[in-house]
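# Structural data only, the sequence is not supplied:
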């Protein structure tokens, strides 16, 4: 938490910045998959992302769909936006291991040239990018380069770097993205995110003059994604899902899911809503503030994912998902010319292939396995699950979700196989159980719930258990 307050001091407090300023806090990812509705709509994306925000996240984005989400990872219930960055991996002689993403802070700052400069809210269907997923150089005079950084926590001085730090970070590596705060005033999206721009002077993260091509000011959006990094430091061991082992290719994506008129209401309170973390002190935010955090949430019933193992369950991958050979230290990104895409979009509910307008080569990967889709705090392993789930419920299904608490460090699962049935594996957000006959019962206690699975299935799909899990969400203490 000290590191968070350090960045608050850098970004401005109430005395220096009387304009509205608030920080939305999130727990673990709701999706870890090759999905990117901005860059690769309706298709398998180029690399794996760690995604937070609204539970309606899907391969395509629309404001209407996003704002129909049943829940969110945010501690403001009406923030149904989605925020994502490339997933981090750790490279070793054995392959690639997914690095756990622990939590996220999303900052909303009003950076402008003067008190009389109007700040526009995000329009419906507004989306934007910051960063370049193929960059392997750094230019200190380029604001787009400076907007991407890392902070090494648990080290004296918490040094900030524009690439991966050259040391281990015992209290997490914090990946940071600062988005452009100038807008063309017309478009909700242009290819390459050309509808937004950084100021012409005073710094990428300040309120300098906007270029004439982008005359409208918007809120400054800043990400902090915390990744576990308590490993012995090895040069080149960290790698973004893009294949970059230098760290320059970090990129942030944002899709708007805030209610219409909500920003204007916050703006009307002026300095009263300069609250940083104390959202309960801003009346519009206080109405929807979850002081104990959003708790464990699960994807909506109509969610789709890519049917591949991305390492969420602890698998050591022989290669990064997608066409992403390691690059950065060795030179520019150089995709494998012989690569054939085999990923397919599938329904998280039943494993069926999702029809898209995009042509993706390859076939659906099938297996004699039932998918167990896990929540943001994913339990891993195969078979009979024992976990501290927060729900006191009983449910039978051939595919079920365990809602592990966000703060839990025990995500273990042990399995026994009974029989098999053909199902598509969706292990990017799942543990796989080799059984077509699974029954979930859970009992509640002060220490949580225990869920075990055996026997005959009386209901198919994830929908019923997701509803059950939502009836009693766990709450996280920030």
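Arrived safely. Predicted model, so just to flag it, every value in this text is computed and none were measured.
# residue nearest the centroid of the protein?
residue 51 (1.9 Å; C-alpha atoms, centre = their mean).
# Okay, it and residue 93: tell me how far apart.
30 Å (C-beta to C-beta, to the nearest Å). Quick note: C-beta positions are derived from backbone N, CA and C, even for glycine.
# Next one: the residue nearest to the centre of the chain from residue 172, what distance?
Residue 51 is 18 Å from residue 172, by C-beta to C-beta.
# Next: residue 24.
To residue 172, residue 24 is 18 Å away according to C-beta to C-beta.
# all helices of the stretch 1-150 of the chain, in order?
2-11, 63-66, 143-146 (DSSP state H, counting those that start in this stretch).
# okay, residue 355: pLDDT?
Per-residue pLDDT puts residue 355 at 70.
# That one looks like it's in a helix, true?
No - counting by DSSP: H, G, I helix; E, B strand; the rest coil, residue 355 is not part of a helix but coil.
# That one: neighbour count?
Using other C-beta atoms under 10 Å, residue 355 has 7 other residues around it.
# ditto for residue 234
Quick note: residue 234 (other C-beta under 10 Å) scores 11 neighbours.
# Ok, residue 253 next?
26.
# Let me see the domain layout of the protein.
Using automatic domain parsing, the domain parsing of the chain gives 2-286, 365-478.
# so for stretch 192-211, what's the average pLDDT?
If you average the pLDDT over stretch 192-211, you get 96.
# An error on my part: the question was meant for stretch 22-41.
In the prediction, stretch 22-41 has an average pLDDT of 97.
# Next, the distance between the ends of that stretch.
Distance between the two ends of stretch 22-41: 30 Å, counting by C-alpha to C-alpha, to the nearest Å.
# I figured residue 214 hits residue 193, correct?
No - between residue 214 and residue 193 there is no contact under C-beta atoms under 8 Å: 11.1 Å.
# which neighbours do these two share?
Common contacts of residue 214 and residue 193 (C-beta atoms under 8 Å, 6 or more residues apart in numbering): residue 180.
# quick one: contacts of stretch 133-140?
So stretch 133-140 is in contact with 46-47, 86, 145-146, 162-163, 242, 244, 246, 248-249, 251, 327-328, 331-333, going by C-beta under 8 Å, 6+ apart.
# go with 7 Å
Contact partners of stretch 133-140, identified using C-beta atoms under 7 Å, 6 or more residues apart in numbering, comprise 86, 145-146, 162-163, 242, 244, 246, 248-249, 251, 327-328, 332-333.
# same deal with stretch 142-149?
130-132, 138-140, 160-162, 176-178, 198, 204, 248, 250.
# if I look at the spatially closest residue to residue 113 that is not a sequence neighbour, how far off is residue 279?
Leaving aside its chain neighbours, residue 113 sits nearest to residue 207 (5.4 Å; criterion: C-beta to C-beta, 6 or more residues apart in numbering). According to C-beta to C-beta, residue 207 and residue 279 sit 23 Å apart.
# ditto for residue 39
With distances taken as C-beta to C-beta, residue 39 is found 31 Å from residue 279.
# Likewise for residue 144?
Where residue 279 is concerned, residue 144 sits at a distance of 30 Å (C-beta to C-beta).
# And for residue 74?
Noted for residue 74: a distance of 10 Å to residue 279, by C-beta to C-beta.
# same thing with residue 103?
As judged by C-beta to C-beta, residue 103 and residue 279 stand 16 Å apart.
# cool, residue 225 as well?
Distance, residue 225 to residue 279, by C-beta to C-beta: 20 Å.
# neighbour-wise, which of the two wins?
Higher neighbour count among residue 225 and residue 279: residue 225, with 29 against 22, using other C-beta under 10 Å.
# For the spatially closest residue to the more buried one that is not a sequence neighbour, list each beta-bridge partner.
Of all residues not flanking residue 225 in the chain, residue 175 sits nearest, at 4.5 Å (C-beta to C-beta, 6+ apart). On the basis of DSSP bridges, residue 175 is bridged to residue 150, residue 225.
# Ranked by average pLDDT, which of the domains of the chain falls at the bottom?
domain 365-478 (a mean of 31).
# ok so, going back, got the contact list for the residue nearest to residue 113?
Neighbours of residue 207 in contact, by C-beta under 7 Å, 6+ apart: 111, 112, 113, 199.
# Over to residue 23?
Each residue near residue 23 by C-beta under 7 Å, 6+ apart is listed here: 105, 107, 276, 277.
# Residues in a beta bridge with it, which ones?
Assigned bridge partners for residue 23, using DSSP bridges, are residue 107.
# Run a quick neighbour tally on residue 141.
Number of residues near residue 141 (other C-beta under 10 Å) recorded here: 6.
# cool, residue 277 as well?
Residue 277: 17 surrounding residues under other C-beta under 10 Å.
# And residue 93, by the same measure?
For residue 93, using other C-beta under 10 Å, the count is 4.
# swap in residue 323?
Residue 323: 17 neighbours (other C-beta under 10 Å).
# Before we go further, it is sitting in a strand, right?
No - in this structure, residue 323 is coil, not part of a strand, as judged by three-state DSSP.
# list the contacts for residue 328?
Residue 328 makes contact with 136, 244, 245, 246, according to C-beta under 7 Å, 6+ apart.
# farthest-separated two in these?
Using C-beta to C-beta, the two most remote members of those are 136 and 245, lying 9.5 Å apart.
# All the strands of the stretch 251-400 of the chain, residue numbers only.
Applying DSSP state E, counting those that start in this stretch to the stretch 251-400 of the chain gives strands spanning 251-255, 274-276, 304-306, 345-347, 366-367, 370-373, 394-396.
# What are the boundaries of the helices in the stretch 251-400 of the chain?
For the stretch 251-400 of the chain, the helices defined by DSSP H, counting those that start in this stretch cover 262-267, 283-286.
# Contacts made by the shortest one with the rest, please.
Just to be clear, that refers to helix 283-286. Helix 283-286 is contacted by residues 22, 76, 262, 265, 266, 269, 273, 279, 280 when judged by C-beta under 7 Å, 6+ apart.
# which parts of that helix are buried?
For helix 283-286, a neighbour-count test (16 or more other C-beta atoms under 10 Å) marks 284, 285 as buried.
# 44 is where my numbering starts, stick with that
Will do, 44 is the new start, and the previous item becomes helix 326-329.
# what's the distance between it and the middle of its chain?
Centroid separation between helix 326-329 and its chain, computed with C-alpha atoms, centre = their mean, to the nearest Å, is 24 Å.
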